[in-house]
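Undergrad: Here's a sequence, model it:
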Amino acid sequence: MKFSLSLFFIVLLSLQLQAQDADQLPKKWTLQECVQYAMDHNISIKQSELDLKEAEIDKSDALGNYMPSINANMSNNWNSVLTQDITTGILEQQTTRSFSVGATASIPIFHGLRNLREWQRAKLSRISSEYSLEEMKDNIMLNIANAYLNVLVNKEQVKILKGQNEITQEQLNRTRTLIEEGAAPAGDSLDIKATDADEKQQIIDSENNVKIALINLAQILQINDYKNFDIADVEYDVPLKTMLSKNPQEIIANAKENRYEIKMAEQDLALAKKDVEIAKSDFYPSLDGFINFNTRESDAKRATQGGIDPDNPTQTIGHVATTGDPVIAPNYMLLEANPEPFFRQLSRNKGVSFGLRLNIPILNGFSTRNSVKRAKINIERQKNELEQTKLDLESNVYQPYVDAQGAAEAYQAAQVAVTSQQNAFEYAETRYDLGVISSFEFSQAKFNLSEAKSDLVNAKFDYIFKLKVLELYFGVSPEDFNL
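TA: Now for the predicted structure:
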């Protein structure tokens, strides 16, 4: 009975967790929801955020260079050596314990402005990490928009094919009625049935394309629930105001002001210049202040002065220089005593030292000079990188601009083609109803209309996406795309 209840509660808990997971994801995803989810869950973005946090730590390190360094040390040692007895003078193997404790504080006073320049460099590096993160977000959002539009294209294709198949079903039913009434031969339905089968196969293929497009979008979002993932069924119109009304030079100028690849290249150049200043710091002397404290304690026996030795009460400690007479002094006995108390020894043996430490570089094998030369070469390299990035940006703007113009023309041509094919289809339908044309000719007119509508859908969303690419270069964030 207990096992059955436990199993019941486990199953119930599992169902609740699954329901919670399902509730966490919207049933129909809008583009804005996809973008927001990616910003919160994308691994690459999380990695870049970690890089930004690491840049913050580097900034903290640079600030820490201004702080004094304080270190404490403590040791407790046992020494077993052959040493002289303090009372008898006989060599004996003795083991003694000693304890020492100390602290050292050092503060930088002047390091050739290295600390200041490393602090400035850390701030530049953090800004560069921010730009890198924002560029990654833009790229991911643009990929999401492209994948999202791809799902919309495939869904529209399914709608077109299903609409055409509905006409085929009506055509097939009408033909069957004519055959039953004897107004048409039985063979007239064969071509229509073949068309119906072909269209149903196309619908299946298109529905599979929708699933594949959804899986691709889910993978970009890093969502594993492919089965329940879907996007919102919303109609999207071509924007009335397009970027094509702007001059390419205007778009390029805005791109140079707003695109993160330019800002990152500028930051890399600033970092290279700061590296030269840091390398030059090693030409200057460095000055540090320090203070040391230390004390010690030991458990070794100590010698103390006792009474006069009764067996040898006096001792000669020298001779008078002029007469040579001996100088006699009392001969006290040496007694072995226990060591002084622990804290008393620490108090009596303490010592403090302090001062300044100056380090003057004289010869270091051209190391500093070569470091400066390498840093200057890197400046030239970053200048070239910045110029190349600007040239690439101009090319990257002109190409989408031309592509968008071509897409606009293709979209307009597709609209005209749909109108023409719609008129041709309606004319063919009228002639088919009158028995002037065959079912094959009518199917061909319907197929031409379906192809024209399909081309229009492709042209429409291709045009929208290329406009969005231009908006991105103009400084419009993908999350602000008006889809």
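
Undergrad: what residues are up against residue 393?
TA: Shown in contact with residue 393 (C-beta atoms under 8 Å, 6 or more residues apart in numbering): 252, 255, 256, 259, 261, 262, 473. C-betas here are computed from N, CA, C, even on glycine.

Undergrad: what's the answer for residue 244, then?
TA: Here residue 244 is in contact with 401, 404, 405, 408, 467, 470 (C-beta under 8 Å, 6+ apart).

Undergrad: Isn't residue 156 up against residue 457?
TA: Yes. Checked against C-beta atoms under 8 Å, the pair residue 156 and residue 457 is within contact range at 4.3 Å.

Undergrad: just to revisit the earlier point, inside helices: which ones of the contacts of residue 244?
TA: Among the contacts of residue 244, DSSP state H puts 401, 404, 405, 408, 467, 470 in helices.

Undergrad: farthest pair in the contacts of residue 393?
TA: 252 and 261 (13.1 Å; C-beta to C-beta).

Undergrad: can you give me the strands in the chain?
TA: 69-84, 91-110, 286-298, 302-308, 314-319, 326-330, 332-337, 351-359 (DSSP state E).

Undergrad: Columns mean pLDDT and mean neighbour count on top of those, output as JSON lines?
TA: Formatted as JSON lines, the strands of the chain follow (pLDDT from 0 to 100; neighbours: other C-beta atoms under 10 Å):
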{"stretch": "strand 69-84", "mean pLDDT": "85", "mean neighbour count": "10"}
{"stretch": "strand 91-110", "mean pLDDT": "87", "mean neighbour count": "14"}
{"stretch": "strand 286-298", "mean pLDDT": "92", "mean neighbour count": "16"}
{"stretch": "strand 302-308", "mean pLDDT": "72", "mean neighbour count": "12"}
{"stretch": "strand 314-319", "mean pLDDT": "80", "mean neighbour count": "11"}
{"stretch": "strand 326-330", "mean pLDDT": "82", "mean neighbour count": "11"}
{"stretch": "strand 332-337", "mean pLDDT": "71", "mean neighbour count": "14"}
{"stretch": "strand 351-359", "mean pLDDT": "92", "mean neighbour count": "10"}
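
Undergrad: Which among these is found nearest to residue 220?
TA: With C-beta to C-beta as the criterion, residue 220 lies closest to strand 69-84 of those, at 48.2 Å.

Undergrad: where in the stretch 351-483 of the chain is pLDDT low?
TA: Low-confidence segments of the stretch 351-483 of the chain (pLDDT under 70): 476-483.

Undergrad: so residue 127 makes contact with residue 266?
TA: No. The criterion here is C-beta under 8 Å, and residue 127 misses it with residue 266 at 9.8 Å.

Undergrad: Figure out how far stretch 346-358 is from the centre of its chain.
TA: 49 Å (C-alpha atoms, centre = their mean, to the nearest Å).

Undergrad: got the contact list for it?
TA: For stretch 346-358, the surrounding residues in contact (C-beta under 8 Å, 6+ apart) are 101, 109, 285-297, 340.

Undergrad: tell me the contacts of residue 294?
TA: The contact partners of residue 294, taken as C-beta under 8 Å, 6+ apart, are 100, 101, 102, 103, 350, 351.

Undergrad: hey, what's it bridged with?
TA: The partner list for residue 294 in beta bridges (DSSP bridges) reads residue 102, residue 351.

Undergrad: Do a quick rundown of the helices in the stretch 151-300 of the chain.
TA: 188-221, 248-258, 260-280 (DSSP state H, counting those that start in this stretch).

Undergrad: Pick the most deeply packed of those helices.
TA: Among the helices of the stretch 151-300 of the chain, the stretch with the highest mean neighbour count (mean count of other C-beta atoms under 10 Å) is helix 260-280, at a mean of 19.

Undergrad: now that one: mean pLDDT?
TA: Per-residue pLDDT over helix 260-280 has a mean of 92.

Undergrad: Which elements pack onto that helix?
TA: helix 114-181, helix 367-433 (3 or more C-beta pairs under 8 Å, 6 or more residues apart in numbering; DSSP states H and E).

Undergrad: And the contacts of that helix?
TA: Applying C-beta under 8 Å, 6+ apart, the set of residues contacting helix 260-280 is 112-114, 117-118, 120-121, 124-125, 127-128, 131-132, 134-135, 138, 255-256, 368, 371-372, 374-376, 378-379, 381-383, 385-386, 389-390, 392-393.

Undergrad: Please consider this matter closed, and thank you.
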